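# here's a sequence, model it:
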Amino acid sequence: MKILFLYLALSFLIACTSNHSGISSSVDVCCSNSEYRTFMVSAKNIPGFLSPIMLNSFSVAFANYSLQPVSEKANLEVELR
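Residues are numbered from 1 along each chain as shown. So this is what the prediction gives:
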């Protein structure tokens with residue numbers, strides 16, 4: 001039973017990383033602008049188990065660049081897909 005669960009979990013992860021709309025390391029839009037002071041990160045079409053991890057990781061990364069997280073009217077809006 002454990003092997004079946006492991007197989008299904010790995011199959012799901014492979015499916016996420018192998019299709020065009022899956023997990024990617026590419027950046028669609030990137031700007032280095034010192035006027036950015038606040039940010040907002042949202043997740044769309046990300047598997048449920050990855051969403052909290054990804055949102056937290058990006059929030060920490062932006063906070064390391066002295067950007068403040070806000071829930072609306074952000075200077076920089078990031079959408080994870």
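
# so where does Leu6 fall, helix or strand?
For Leu6, the host element (DSSP states H and E) is helix 2-18.

# buried residues in whatever helix or strand comes next after that helix, which are they?
Per DSSP H and E, the first helix or strand lying C-terminal to helix 2-18 is strand 38-43. Within strand 38-43, the residues that count as buried by 16 or more other C-beta atoms under 10 Å are 38-41, 43. (Glycine included, C-beta is placed from N, CA and C.)

# so which elements touch the helix or strand that strand 38-43 is followed by?
Downstream of strand 38-43, the first helix or strand assigned by DSSP H and E is helix 51-63. If contacts are counted by 3 or more C-beta pairs under 8 Å, 6 or more residues apart in numbering; DSSP states H and E, helix 51-63 sits against strand 38-43, strand 68-69, strand 76-80.

# dump these to a markdown table, plus distance to Ser11.
Listed next are the helices and strands packed on helix 51-63 as a markdown table, based on distance: least, C-beta to C-beta, whole Å:
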| stretch | distance to Ser11 |
| --- | --- |
| strand 38-43 | 22 |
| strand 68-69 | 35 |
| strand 76-80 | 23 |
